[in-house]
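> need coordinates for the following:
(chains A and B)
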Amino acid sequence: MNVIEVRGLRKSYASFEAVCGIDLTISKGEIFSLLGPNGAGKTTTVEILEGFRTRNAGEVKVLGFDPATQGRASREWRNRIGIVLQSTSDAGDLTVSETISHFAGYYSRPRNPEEVISAVGLDNKAKDLIRNLSGGQRRRLDVALGIIGSPELLFLDEPTTGFDPEARRAFWSLIDGLRNDGTTIVLTTHYLDEAEALADRVAVINHGQIIEVSTPMQLGGRSSSKALVQWRDNGELKSEETENPTALVSSLTTQFSGEIPELSVSRPSLEDIYLKMIGQANE
Amino acid sequence: MNKIPSALNLGLRRGTLEIKQFTRQRESVVFTLLFPLILLAIFGSVFKDTIAPGVTFSQYFVAGMVASGLVNSGFQQLAITIPMERDYGSLKRLRGTPMPVASYFIGKSILVFVSMILQVILLLAGGYFFFGLNMPTDASKWFTFSWLIILGTASSTILGIAFSVVPKSGRGASAVVSPVVIILQFFSGVFFIFTQLPSWMQQVAAIFPLKWLTQGMRSVFLPDSFAANEVAKSWETERTFLILVIWLVVGFFISLRTFKWSRE
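Okay, the predicted model is just below:
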């Protein structure tokens, strides 16, 4: 079953066309990541899916529902989705647990507030006022509010900005847990390692169009691209790009007796591939 | 599957939450609740005259301050805090939940109503104990007082929500909203005796609810003999009711149509 179906989506602001004909299909239980530089049309696309923005053309179905619809049906629909926005702050005069319990009351089948607080690792901050939380802790609260309604579909916009590496790992395992519960997740992120760790499929958007949709391993011909072999010879660092790294390494083994100094074999990272795709598109 | 909670139910929950948040902003609580009393102390000490048989300026001024309280805790408060909530992104976050806009409005009305009641109690108690304020004894006057408070709170709340789209940012909101309120207070006979104002000011004021709330409150706190000193030689109670209802209804439809959850 498809959770999100988009056909020929277009949106312009004054004379600027932010989204120029996007097609997208995301199926149930998938973690789908949208990648693209700032101003590429990512946020506009996601905000149309979230029902925050109107569109100029195209068909959009999210959980079988047109997000542009208003009224009672829209409430029923919002009851099934969760949204973690890019930046939310407020005066912070409530405690973590008061805020989460209050939001739980908006939904027909909320998760247990205490369990959600533990899931995002805020147990020992539950009684603290929000204004006394650090940036990363506030972000975890945002995530908690996004998942409190046990959504079938969760939108995450730059969820780990401001996290330290440890908190980011903890967040990733939280998302893995949601995946196991069958939650469909749309993730926008600037961190390519995050997309690689979490996403089943990624889409690269630039200039309002989708350049490619693929798995992180296959994007931009990554799985079949040349490998980079590096080693040190007579104090000089050498490197060679090759389609047959195994052959190269075995010839090096005959050249050196024993260990090849500082040997490494690497494939381009998702980030390398991404930057290449964006670079080409901009030329 | 459980049903999503009703708009009224969520409105009551929002009201409780709004009050909780309000009481945690100590400076703002003290200022909002005591400000009318401070003004009464200043004006009561400066103007000690009797403006009509049995009517002191303090008595006249209290009527104006109660009416102003409705405008301050509703219109002014909301037209300043809602743009701030919008800047913070907390409104957009609410928009992303199944909570309907009506619940948000109900929550705000509850907050305004509660802070209004506290403010009025403090003002009347202070006036009674320190400035010899006469309390109405007639039950019908308290009845008028009650519907003025309810209708005044409701229209002030809804107009504050409607006006919240005018300030471009939370930071500038106070600079946009406060002058509007202060000018209305001068024009509506809160600080001066209404009939002594130039007639063009009186006519401008008559378009807006504050003049009618102030006059209505005078009908509660001043002796009926004073009605002859009013512009229309009467309290115009029915007209006051009608004008407040019109503003309430118009404000409601404007709010529903123009309310903005985020800055773009």
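
> break chain A down into its domains, please.
A:2-217, A:221-282 (automatic domain parsing).

> name the element B:I42 belongs to?
Assessed by DSSP states H and E, B:I42 sits inside helix B:26-46.

> again with A:S89
Per DSSP H and E, A:S89 falls between elements, in no helix or strand.

> three-state assignment of A:C20?
With DSSP: H, G, I helix; E, B strand; the rest coil as the basis, A:C20 sits in strand.

> quick one: pLDDT of the residue nearest to it when sequence neighbours are not counted?
Once flanking residues are discounted, A:C20 sits nearest to A:G208: 4.0 Å by CB to CB, 6 or more residues apart in numbering or on different chains. C-beta coordinates here come from the backbone N, C-alpha and C atoms, glycine included. Predicted confidence (pLDDT) for A:G208: 92.

> I'd guessed A:G208 sits against A:T43; true?
No: taking contacts as CB atoms under 8 Å, A:G208 lies outside contact range of A:T43: 11.6 Å.

> so these two - more neighbours on which side?
A:G208 (23 against 19; other CB atoms under 10 Å in any protein chain shown).

> give me phi/psi at the more buried one?
Main-chain torsions, A:G208, degrees, to the nearest 10: phi 80, psi 10.

> B:V166 contacts B:A79, doesn't it?
Yes: with contacts counted by CB under 8 Å, B:V166 reaches B:A79, the gap being 7.2 Å.

> overlap in contacts of these two?
Common neighbours of B:V166 and B:A79 (criterion: CB atoms under 8 Å, 6 or more residues apart in numbering or on different chains): B:176-177.

> the two: which is more packed in?
Between B:V166 and B:A79, counting by other CB under 10 Å, B:A79 is the more crowded of the two (25 against 13).

> ok, that one to B:F253 distance?
17 Å (CB to CB, to the nearest Å).

> again, but for B:F241
Distance, B:F241 to B:F253, using CB to CB: 19 Å.

> okay, those two: which has more neighbours?
Using other CB under 10 Å, the more surrounded residue of B:F241 and B:F253 is B:F241, with 16 against 11.

> contacts only, for the residue nearest to A:C20.
A:17-22, A:40-41.

> what are the ranges of the helices in the chain?
Using chain A here. Secondary structure of chain A (DSSP state H): helices at A:42-49, A:72-78, A:96-104, A:113-119, A:135-147, A:165-180, A:192-198, A:245-255, A:270-282.

> ah, I was thinking of chain B
B:7-23, B:26-46, B:57-70, B:77-88, B:90-95, B:101-130, B:139-163, B:170-187, B:199-207, B:209-221, B:237-258.

> to A:L49, which of the ones you listed lies closest?
helix B:90-95 (14.2 Å; CB to CB).

> what does that closest one contact?
For helix B:90-95, using CB under 8 Å, 6+ apart, the contacting residues are A:52, A:83, A:85, A:88-90, A:142, A:145, B:82, B:85-86, B:104, B:260-262.

> which of these lies closest to B:W212?
B:I82 (24.4 Å).

> the closest one contacts B:I161, correct?
Yes: B:I82 lies in contact with B:I161 (CB under 8 Å); the separation is 6.6 Å.

> ok, A:K125 - contacts?
A:K125 sits next to A:96, A:133, A:137 when contact means CB under 8 Å, 6+ apart.

> pick out the residue closest to the middle of the chain.
This is for chain A. For chain A, A:L187 is the residue whose C-alpha lies nearest the centre (CA atoms, centre = their mean; 2.8 Å).

> the intended chain is chain B.
B:L70 (1.6 Å).

> give me the pLDDT for that one.
B:L70 is given a pLDDT of 91.

> gap between it and A:T184?
48 Å.

> need the contact list for the residue nearest to B:L10 when sequence neighbours are not counted.
Excluding the flanking residues, the one nearest B:L10 by CB to CB, 6+ apart is B:S103, at 3.8 Å. Taking CB under 8 Å, 6+ apart as the criterion, B:S103 is in contact with B:7-8, B:10-11, B:13-14.

> output the lowest mean pLDDT helix or strand found in chain A.
In chain A, the helix or strand scored least confidently by mean pLDDT, DSSP states H and E is helix A:270-282, which has a mean of 80.

> B:P36 and B:M116 touch, don't they?
No: contact criterion CB under 8 Å: B:P36 and B:M116 do not qualify, at 10.6 Å.

> shared neighbours of the two, anything?
Shared contacts of B:P36 and B:M116 (CB under 8 Å, 6+ apart): B:G69.

> of the helices of chain B, which shows the lowest average pLDDT?
Lowest mean pLDDT of the helices of chain B: helix B:26-46, a mean of 83.

> which parts of the stretch 151-264 of chain B sit against chain A?
With the criterion set to CB under 8 Å from any CB of the partner chain, the stretch 151-264 of chain B comes near chain A through B:261-262.

> sorry, back to before: buried stuff in the least confident helix or strand of chain A?
A:270, A:272-274, A:277-278, A:281 (16 or more other CB atoms under 10 Å in any protein chain shown).

> same deal with stretch B:208-223?
Applying 16+ other CB under 10 Å to stretch B:208-223 flags B:208-222 as buried.

> check stretch A:30-50 too.
By 16+ other CB under 10 Å, the buried positions in stretch A:30-50 come out as A:30-37, A:40-50.

> pLDDT averaged over that stretch - what is it?
92.

> so is that stretch next to chain B?
Yes: counting by CB under 8 Å from any CB, chain B has neighbours in stretch A:30-50: A:E50.

> dump that stretch to PDB, keeping only the CA atoms.
Provided in PDB are the C-alpha atoms of stretch A:30-50 (Å, rounded to 0.1, in the frame of the first residue of the first chain):
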ATOM      1  CA  GLU A  30       9.400   2.700   4.400                       C
ATOM      2  CA  ILE A  31      11.900   5.300   5.600                       C
ATOM      3  CA  PHE A  32      12.300   7.700   2.800                       C
ATOM      4  CA  SER A  33      14.800  10.500   2.800                       C
ATOM      5  CA  LEU A  34      14.700  13.700   0.800                       C
ATOM      6  CA  LEU A  35      18.100  15.200   0.000                       C
ATOM      7  CA  GLY A  36      18.900  18.400  -1.700                       C
ATOM      8  CA  PRO A  37      20.600  21.800  -1.200                       C
ATOM      9  CA  ASN A  38      18.900  24.700   0.500                       C
ATOM     10  CA  GLY A  39      16.300  26.200  -1.900                       C
ATOM     11  CA  ALA A  40      16.000  23.000  -3.900                       C
ATOM     12  CA  GLY A  41      12.300  22.700  -3.200                       C
ATOM     13  CA  LYS A  42      12.600  20.100  -0.400                       C
ATOM     14  CA  THR A  43      10.800  22.100   2.300                       C
ATOM     15  CA  THR A  44       8.100  23.300  -0.100                       C
ATOM     16  CA  THR A  45       7.400  19.700  -1.100                       C
ATOM     17  CA  VAL A  46       7.300  18.400   2.400                       C
ATOM     18  CA  GLU A  47       5.100  21.300   3.600                       C
ATOM     19  CA  ILE A  48       2.600  20.500   0.800                       C
ATOM     20  CA  LEU A  49       2.500  16.900   2.000                       C
ATOM     21  CA  GLU A  50       2.000  18.100   5.600                       C
END
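
> no further questions, thank you.
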